[in-house]
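Student: Prediction below, plus the sequence it came from.
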Amino acid sequence: MEHISPNSAAFLCRRQLEIVLRQQLKTKRGMLGTLIDQYSSAQTLPPLVADLMNTIRCFGNVAGHGEQDDSGEWIDVEVGEAAYMLDALPHIYRFVYVEPAVRELMRQRAEAKNKGKNPGSLSAASQFVLAQTPPAPQETAERDEDGLPL
């Protein structure tokens with residue numbers, strides 16, 4: 001998709017992030033920057049996740065609202081930028097949806113075992129989620145000439 005229309009891909013990533021945050025915050029209104037700030041203050045948001053959210057917001061704003069440079073030329077989202085956004089969304093989904101569910105599952109299992117109860121085998125769905133969950137992205141101080149993490 002990012003090769004066909006990087007602006008469309010960027011805008012859809014931004015829109016998806018907005019939907020996720022509105023669902024989490026249980027609100028129907030608010031600008032994306034404000035939603036990110038509200039979610040950050042309601043959660044312990046790792047700097048990397050906050051950075052990914054704000055990067056998606058910024059590129060999504062370029063795609064959705066249009067920006068012009070000093071010479072009046074329209075600035076477009078480039079393929080690599082759109083690809084970065086598409087790669088960033090799964091990390092945000094993992095933080096927002098998967099990690100809390102896994103933490104709760106493991107908390108329940110640990111609590112049961114501490115009470116001397118056998119919580120039974122993990123369900124096939126739980127085993128799948130645990131096996132497929134990629135490691136969290138690592139914060140890196142190194143950045144390329146465009147300021148993107150290496």
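Tutor: Perfect, thanks for sending it.

Student: Check for me that residue 88 belongs to a helix.
Tutor: Yes - per DSSP: H, G, I helix; E, B strand; the rest coil, residue 88 lies within a helix segment.

Student: now the helices for this protein?
Tutor: For the chain, the helices defined by DSSP state H cover 6-25, 32-42, 47-65, 79-93, 99-114, 124-132.

Student: Give me the mean pLDDT for the shortest one.
Tutor: Same thing as helix 124-132. On average, the pLDDT along helix 124-132 is 66.

Student: Identify whichever of the helices of the chain lies nearest to residue 73.
Tutor: Checking those against residue 73 by Cβ to Cβ gives helix 47-65 as the closest, at 12.8 Å. In this view, the C-beta of every residue, glycine as well, is placed from N, C-alpha and C.

Student: can you pull the alpha-carbon coordinates of the closest one into PDB?
Tutor: Provided in PDB are the C-alpha atoms of helix 47-65 (Å, rounded to 0.1, in the frame of the first residue of the first chain):
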ATOM      1  CA  PRO A  47       9.200   6.800  25.500                       C
ATOM      2  CA  LEU A  48       9.600   4.600  22.400                       C
ATOM      3  CA  VAL A  49       5.800   4.100  22.200                       C
ATOM      4  CA  ALA A  50       5.100   7.800  22.700                       C
ATOM      5  CA  ASP A  51       7.700   8.600  20.000                       C
ATOM      6  CA  LEU A  52       6.000   6.100  17.600                       C
ATOM      7  CA  MET A  53       2.600   7.600  18.300                       C
ATOM      8  CA  ASN A  54       3.800  11.200  17.700                       C
ATOM      9  CA  THR A  55       5.700  10.200  14.600                       C
ATOM     10  CA  ILE A  56       2.500   8.700  13.200                       C
ATOM     11  CA  ARG A  57       0.600  11.800  14.100                       C
ATOM     12  CA  CYS A  58       3.100  14.100  12.400                       C
ATOM     13  CA  PHE A  59       3.400  12.200   9.200                       C
ATOM     14  CA  GLY A  60      -0.400  11.600   9.200                       C
ATOM     15  CA  ASN A  61      -0.900  15.400   9.600                       C
ATOM     16  CA  VAL A  62       1.300  16.000   6.500                       C
ATOM     17  CA  ALA A  63      -0.800  13.400   4.600                       C
ATOM     18  CA  GLY A  64      -4.200  14.500   5.800                       C
ATOM     19  CA  HIS A  65      -3.900  18.300   6.000                       C
END
